[in-house]
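*Asks:* just coords:
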């Protein structure tokens, strides 16, 4: 039984209500993912602070979305795939680029090195191959970026697991199922 429900502002303490209000002001809505994280004010506040700190790091907004798509595809998190497909398109990715990132077939060499490593870190529980790390570094990323990538993978795993244990609706347009695209 999935148990983490998206909470309303009336169901949380005053400090979490303030966080919810800030999210709504910034995003234009309170996504159900954050409302479910509100089950633990410490998780929600810590997550948002960690995510914001890493967003100031080595990766562009588009690269952050590519990481989110690669990790969420590896964990097949329907919520995160929907959210990050929508955000990726808002940042300038085409529908085909979003799908190619999810499939691991993106043509851009630097983006491919980034997403392959993100996927390996996810699927191999942090133990990516030396070849993937070398490709990442050869593509122009730094050791600082490698450390930050590990953090970004961790952030996405948190959201993927919240949804896996949540009982809330996907409040973004659903992302296509890759298997349905390849058989069509």
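*Replies:* Nice, thanks for sending it over. Nothing here was measured: the structure is a model prediction, and the numbers come from that model.
*Asks:* what distance separates stretch 157-168 from the centre of its chain?
*Replies:* Centroid separation between stretch 157-168 and its chain, computed with Cα atoms, centre = their mean, to the nearest Å, is 11 Å.
*Asks:* so for it, what's the average pLDDT?
*Replies:* For stretch 157-168, the mean per-residue pLDDT is 96.
*Asks:* Give the buried residues for it.
*Replies:* 157-160, 162-163, 166, 168 (16 or more other Cβ atoms under 10 Å). C-beta here means a position set from N, CA and C on the backbone, and glycine is covered the same way.
*Asks:* Let me have the residues you listed in JSON lines, extended by distance to residue 126 and secondary structure.
*Replies:* Output for these, formatted as JSON lines (distance: Cβ to Cβ, whole Å; DSSP: H, G, I helix; E, B strand; the rest coil):
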{"residue": "157", "distance to residue 126": "10", "secondary structure": "helix"}
{"residue": "158", "distance to residue 126": "14", "secondary structure": "helix"}
{"residue": "159", "distance to residue 126": "17", "secondary structure": "helix"}
{"residue": "160", "distance to residue 126": "15", "secondary structure": "helix"}
{"residue": "162", "distance to residue 126": "20", "secondary structure": "helix"}
{"residue": "163", "distance to residue 126": "21", "secondary structure": "helix"}
{"residue": "166", "distance to residue 126": "24", "secondary structure": "strand"}
{"residue": "168", "distance to residue 126": "28", "secondary structure": "coil"}
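*Asks:* want to try a markdown table for the residues you listed, with distance to residue 70 as columns?
*Replies:* Compiled in a markdown table, those are given as follows (distance: Cβ to Cβ, whole Å):
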| residue | distance to residue 70 |
| --- | --- |
| 157 | 12 |
| 158 | 15 |
| 159 | 13 |
| 160 | 12 |
| 162 | 18 |
| 163 | 16 |
| 166 | 21 |
| 168 | 23 |
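*Asks:* nearest to residue 83, of those?
*Replies:* residue 159 (8.3 Å; Cβ to Cβ).
*Asks:* Residue 99 reaches residue 178, doesn't it?
*Replies:* Yes: applying Cβ atoms under 8 Å, one finds residue 99 in contact with residue 178, separated by 7.2 Å.
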